[in-house]
Structures are given as structure tokens and as C-alpha cells.
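A.B. asks: here is my input; please provide its structure:
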Amino acid sequence: MRVLPLMMLLAVLAWAMPAGANPFYTVEVAVETRDEDDRATALAVALDRLLQRITGADEPAQARGLAELLDAPERLLAGYAYRGEAGDDLRLQARFDPEALRGALSDYTGAVWLGEGARLIVWAGEEVGASRELVGEGSDGALAEVVRAEATGAGLTPLLPLLDLEDRRGLSYSHVWAGFTDRIAEASERYGRHPALALGLRQRGDDDWEGRWVLLDGRTLAEDRARAESREALVAQAMQDAVRTLARQRGVSLGGDAEATLGIQVAIDSLGAYAAVLEYLEGLPEVREARLQGARGGDLALELDLAVPAERALGALEQSRRLSLEQRAGDGENGTPPRYRWVQ
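C.D. replies: Have a look, this model is predicted:
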């Protein structure tokens with residue numbers, strides 16, 4: 001088999017990068033020139049940031065199972081492209097291969113988040129002088145542009161609210177600035193079961209901005225405040241905090257023994273759905289393997305090897321659109337397992 005030289009391979013990958021690459025696995029970093037050495041340095045920086053995004057680790061280079069990956073980032077690369085010109089804010093956009101990452105991280109003993117559900121509802125507003133505003137889906141001002149850019153740069157897909165009459169009745173800049181979590185959670189419900197970030201900014205003076213933010217996902221996951229010289233710096237910090245917190249919250253173990261096992265029952269309308277049920281369950285990040293234990297009538301008895309604690313897996317199943325909960329665990333006699341109905 002003919003092996004392409006490394007630089008030729010990288011050139012092919014660069015040419016092949018698709019425009020619609022998954023933002024979670026795409027990282028853009030500054031690079032001095034298009035020279036090979038500068039590109040290698042930039043790729044290592046890009047992979048380091050992605051590993052922070054995936055694991056929540058502050059310093060991947062110091063973590064066992066991660067440090068060695070930084071020695072050869074091109075092995076995990078799916079493509080790259082340049083933006084701008086040398087000497088004028090040249091940027092390198094690196095897109096990494098999800099399957100290669102999953103394989104490379106199989107020996108890492110920490111939790112790993114591979115970007116499932118990386119959508120983030122963002123309630124962002126700022127106070128500049130006497131003006132206060134929230135930004136929404138149709139906003140095109142400076143704050144809206146920064147929120148979209150920094151969220152995407154952190155690997156998240158920002159969902160900005162419609163800011164219609166219903167939104168404005170439920171939430172204002174003052175609520176965002178004060179971090180009223182009940183109001184934020186209630187206003188977010190109409191946009192689906194996604195985490196929500198409420199970010200309030202206030203300009204204190206020239207090159208002096210204050211920011212406060214709170215991250216919710218069924219409960220308060222994190223909150224913080226900071227001062228910086230620009231709105232861009234504060235939004236970037238909030239988005240990086242959000243993605244690292246979500247990585248620690250949603251991460252699963254890829255290697256080692258199962259965290260737990262869980263028995264469930266799934267009602268199906270035809271035997272033809274059996275394979276679809278197994279495929280669906282094994283595609284969930286919380287589930288490593290699904291095994292059939294038996295079948296009776298239209299019910300499948302399944303045992304799941306989990307990558308997360310059972311309580312967390314049950315929560316994920318309850319939010320599934322393909323499994324409708326009919327009976328919770330223990331609601332029936334003799335501690336019966338939870339029962340779901342398969343939704344085609």
C-alpha cells in the first residue's frame with residue numbers, strides 16, 4: 001500500500017475540508033505564517049483547546065492519557081484551512097476527526113464529552129450608558145455578533161431567543177444581570193431541553209467592562225463574574241467556562257469497566273423494531289452496550305451497560321424522543337424495571 005508523505009496528506013486534508021464542519025470539533029487559532037513549523041505549533045494549540053473542551057481539563061498537557069496526543073495532533077486531523085493573510089491576523093482552522101478522537105481517548109480514565117447536545121440557549125444583554133438591551137435571533141449588533149462568534153469558537157451552537165412579546169414579558173436585561181434563575185429557566189423552556197447561559201454585561205468606562213453569567217441545565221451548574229477591557233473578552237470567558245462545565249457534567253467514561261448496569265423494558269409494535277431499538281440505545285453516549293435478555297409479547301427485556309451512573313442514564317432516557325416512559329422503576333410490583341414504549 002502506498003503511503004502519502006505527511007505534508008502531502010495534510011495538503012489533501014486541507015483541500016477537502018467541508019464548509020459545514022461540526023463546530024464542536026473545529027478549533028481556530030492564530031498562526032504566524034503558513035510555514036510547516038508554525039502550522040505544527042498551531043495544530044498542537046488547537047488540539048489542546050479541543051481536549052479542554054472535551055474533558056473539562058484545564059491543562060491537558062499535564063493529564064495522563066492526554067499529553068501524548070499533543071505530540072502528533074495531525075493523526076487526529078480531518079482537515080485544516082487558513083483564514084486571512086500572514087502579518088494580518090492569519091488564522092488556522094483545524095477540524096478534528098470524531099471517530100479518531102474516540103479511539104485515541106479510549107485509554108483515558110477521565111470523563112469525556114464528545115459534543116452530543118452542544119446547543120446552548122443564550123440570553124445575553126448589555127448596559128452601555130443609558131441603554132439596556134437583550135440580543136435575539138434577529139439581532140445584528142456588536143454583542144450579537146460577538147456571542148455567535150465566541151460560542152461557535154468554543155464548539156457550541158448558540159440558540160438566541162426570538163425576543164418576541166412572550167420572551168419580553170418573561171425576561172428583561174435586569175433579570176439576566178441579577179441572575180434570576182427561575183425566570184431564566186422558565187423563559188428557556190420553549191426552546192427545548194438545552195442548557196441555558198444568561199450573560200449580562202455592563203460598561204463601566206473606557207476599556208472597562210463587567211460581566212456576570214449563570215449556566216443552567218435543569219439546575220444551576222455554574223455562575224461567575226469578571227472584569228475585562230472589552231465585551232469580547234468577557235463573552236469569550238463565559239463561553240469557555242460554559243463548555244468546560246458542560247464537559248464535566250455530561251462527560252462519560254470511554255474505557256474500563258461499565259459504571260453500572262440497568263435493566264429496562266421496551267414495548268414495540270413489531271419485531272422489526274428490535275434492531276432499531278438496540279441501535280438507538282447503543283448510540284446514546286450514556287450507554288456502552290445493550291443486550292436482549294428476553295422477549296414476551298410485545299415487550300423487550302434489555303440490560304444496558306452504562307458509561308455513567310444509573311440515575312443519570314435514567315434522566316437521559318426520560319428526555320428521549322424515541323422512548324416514551326410508561327412506568328418508572330419500582331412503580332410496579334417486585335421492583336420492576338422502568339418500561340418505555342418505542343416511538344417510530
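A.B. asks: now residue 185, nearest residue through space, not along the chain?
C.D. replies: With C-beta to C-beta, 6 or more residues apart in numbering as the criterion, residue 185 has its nearest non-adjacent residue at 5.6 Å, and that residue is residue 216. Where you see a C-beta, it was placed from the backbone N, CA and C, and this is true even at glycine.
A.B. asks: what sits against the one you found?
C.D. replies: 181, 184, 185, 188, 195, 196, 197, 198 (C-beta atoms under 8 Å, 6 or more residues apart in numbering).
A.B. asks: now flag whichever of those is closest to residue 69.
C.D. replies: residue 195 (26.8 Å; C-beta to C-beta).
A.B. asks: which residues touch that closest one?
C.D. replies: Contacts of residue 195 by C-beta under 8 Å, 6+ apart are 120, 121, 215, 216, 217, 221, 242, 246.
A.B. asks: that older thread, pipe the contacts of residue 216 into a markdown table and attach secondary structure, distance to residue 135 and pLDDT per row.
C.D. replies: As requested, those are exported to a markdown table (DSSP: H, G, I helix; E, B strand; the rest coil; distance: C-beta to C-beta, whole Å; pLDDT from 0 to 100):
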| residue | secondary structure | distance to residue 135 | pLDDT |
| --- | --- | --- | --- |
| 181 | helix | 20 | 96 |
| 184 | helix | 15 | 97 |
| 185 | helix | 19 | 95 |
| 188 | helix | 15 | 96 |
| 195 | coil | 18 | 93 |
| 196 | strand | 14 | 96 |
| 197 | strand | 12 | 98 |
| 198 | strand | 12 | 98 |
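A.B. asks: of those residues, grab the buried ones for PyMOL.
C.D. replies: Applying 16 or more other C-beta atoms under 10 Å to the contacts of residue 216, the buried members can be selected in PyMOL as follows:
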select buried, resi 181+184+185+188+195+196+197+198
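A.B. asks: for the most centrally placed residue in the chain, what are its contacts?
C.D. replies: The C-alpha lying nearest the average C-alpha coordinate of the chain belongs to residue 118 (C-alpha atoms, centre = their mean; 3.0 Å). Neighbouring residues of residue 118 by C-beta under 8 Å, 6+ apart: 23, 24, 155, 156, 157, 243, 246.
A.B. asks: run the last query once more with 6 Å
C.D. replies: Residues in contact with residue 118 (C-beta atoms under 6 Å, 6 or more residues apart in numbering) are 24, 156, 157.
A.B. asks: show me the shaky parts of the stretch 101-250 of the chain.
C.D. replies: 117 (pLDDT under 70).
A.B. asks: on that earlier part again, the contacts of residue 195 in strands, which ones?
C.D. replies: Applying DSSP state E to these, the entries found in strands are 120, 121, 215, 216, 221.
A.B. asks: okay, among those residues, which ones form the most distant pair?
C.D. replies: Longest span within the ones in strands among the contacts of residue 195, C-beta to C-beta: 121 and 221, 13.2 Å.
A.B. asks: just the helices in the stretch 201-344 of the chain please.
C.D. replies: 231-250, 274-282, 310-318 (DSSP state H, counting those that start in this stretch).
A.B. asks: hmm, back to that, between residue 121 and residue 221, which is the more surrounded one?
C.D. replies: residue 121 (23 against 18; other C-beta atoms under 10 Å).
A.B. asks: does that one touch residue 192 like I think?
C.D. replies: No - using C-beta atoms under 6 Å, residue 121 is not in contact with residue 192; the gap is 7.9 Å.
A.B. asks: name the stretch among the helices of the stretch 201-344 of the chain that sits most buried.
C.D. replies: Comparing the helices of the stretch 201-344 of the chain by mean neighbour count (mean count of other C-beta atoms under 10 Å), helix 231-250 ranks first with a mean of 21.
A.B. asks: in terms of secondary structure, what does that one contact?
C.D. replies: Contacts defined by 3 or more C-beta pairs under 6 Å, 6 or more residues apart in numbering; DSSP states H and E place helix 231-250 against helix 142-153, strand 196-205, strand 208-216, strand 220-228.
A.B. asks: let's go with 7 Å and repeat that
C.D. replies: helix 36-55, helix 142-153, strand 196-205, strand 208-216, strand 220-228 (3 or more C-beta pairs under 7 Å, 6 or more residues apart in numbering; DSSP states H and E).
A.B. asks: in JSON lines, list the helices of the stretch 201-344 of the chain along with distance to residue 125.
C.D. replies: Listed next are those as JSON lines, based on distance: least, C-beta to C-beta, whole Å:
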{"stretch": "helix 231-250", "distance to residue 125": "11"}
{"stretch": "helix 274-282", "distance to residue 125": "39"}
{"stretch": "helix 310-318", "distance to residue 125": "31"}
